[in-house]
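A.B. asks: need a structure here:
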Amino acid sequence: MTSVETNETVKINRQVKAHLDAADRALMDMDTVKSSAELWAAVRLAAVLTLKRRGLPHETDDEILTSISILDDQEKATGKIKLKYGAAGIFRDNASHDFMELDEFLFCRPSVTEFADCMQALLEPEMPC
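C.D. replies: Next up, the predicted model:
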């Protein structure tokens, strides 16, 4: 079992990191909508990579959400993984509806890296999530 309590820095997949870097570049241009889209792409890709490795359904958003619940149960995470995924989901919504103010965007931004780190940790069993 992997602990979801520890927030250690882990090596993030290069494709996920590319989305995170693109999000940072867009934010430097004050484009929070484009940055949000890149952040959501990083979250979704991190989830898909882990779910695929675990043999869980990952083709649609509904499958991903269901599989994250299963992953929560497998890891005895009591909903913490799903909570991290849900928190990062604000960027999916902002990419579509452009409702976040910059201060809210900056406050929520760490949730993406936390989720990506968690997913990567679950790919590497010796790393805590």
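A.B. asks: what comes into contact with stretch 91-108?
C.D. replies: 27, 30, 32-37, 39-40, 43-44, 87, 90, 112 (Cβ atoms under 8 Å, 6 or more residues apart in numbering). All C-beta atoms are positioned from the backbone trio N, CA, C, and that covers glycine.
A.B. asks: tell me the centre residue of the chain?
C.D. replies: Computing the C-alpha centroid of the chain and ranking residues by Cα atoms, centre = their mean puts Val43 first, at 3.1 Å.
A.B. asks: from the contacts of stretch 91-108, which single one is nearest Val16?
C.D. replies: Checking the contacts of stretch 91-108 against Val16 with Cβ to Cβ, the nearest one is Val43 at 8.6 Å.
A.B. asks: tell me which element that closest one is part of?
C.D. replies: Element membership of Val43 [criterion: DSSP states H and E] is helix 32-53.
A.B. asks: can you spell out which helices and strands pack onto the helix or strand following that helix?
C.D. replies: Remark: after helix 32-53, the chain's next helix or strand is helix 61-74, criterion DSSP H and E. Where contact means 3 or more Cβ pairs under 8 Å, 6 or more residues apart in numbering; DSSP states H and E, helix 61-74 is packed against helix 32-53, helix 80-88.
A.B. asks: and these, which is most packed in?
C.D. replies: Neighbour counts (mean count of other Cβ atoms under 10 Å) averaged over each of those peak at helix 32-53, with a mean of 22.
A.B. asks: restrict it to CA atoms and write it as PDB.
C.D. replies: Taking C-alpha atoms only, helix 32-53 is exported to PDB below (Å, rounded to 0.1, in the frame of the first residue of the first chain):
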ATOM      1  CA  THR A  32      -5.100  31.700 -17.500                       C
ATOM      2  CA  VAL A  33      -7.500  29.900 -19.900                       C
ATOM      3  CA  LYS A  34      -4.700  28.400 -22.000                       C
ATOM      4  CA  SER A  35      -2.800  27.700 -18.800                       C
ATOM      5  CA  SER A  36      -5.800  26.000 -17.300                       C
ATOM      6  CA  ALA A  37      -6.200  23.800 -20.400                       C
ATOM      7  CA  GLU A  38      -2.600  22.700 -20.100                       C
ATOM      8  CA  LEU A  39      -2.900  22.000 -16.400                       C
ATOM      9  CA  TRP A  40      -6.000  19.900 -17.000                       C
ATOM     10  CA  ALA A  41      -4.100  18.000 -19.800                       C
ATOM     11  CA  ALA A  42      -1.400  17.300 -17.300                       C
ATOM     12  CA  VAL A  43      -3.800  16.000 -14.700                       C
ATOM     13  CA  ARG A  44      -5.700  13.800 -17.100                       C
ATOM     14  CA  LEU A  45      -2.500  12.400 -18.600                       C
ATOM     15  CA  ALA A  46      -1.100  11.600 -15.200                       C
ATOM     16  CA  ALA A  47      -4.300   9.800 -14.300                       C
ATOM     17  CA  VAL A  48      -4.400   7.900 -17.500                       C
ATOM     18  CA  LEU A  49      -0.800   6.700 -17.200                       C
ATOM     19  CA  THR A  50      -1.400   5.400 -13.700                       C
ATOM     20  CA  LEU A  51      -4.800   3.900 -14.400                       C
ATOM     21  CA  LYS A  52      -3.500   2.200 -17.500                       C
ATOM     22  CA  ARG A  53      -0.500   0.700 -15.600                       C
END
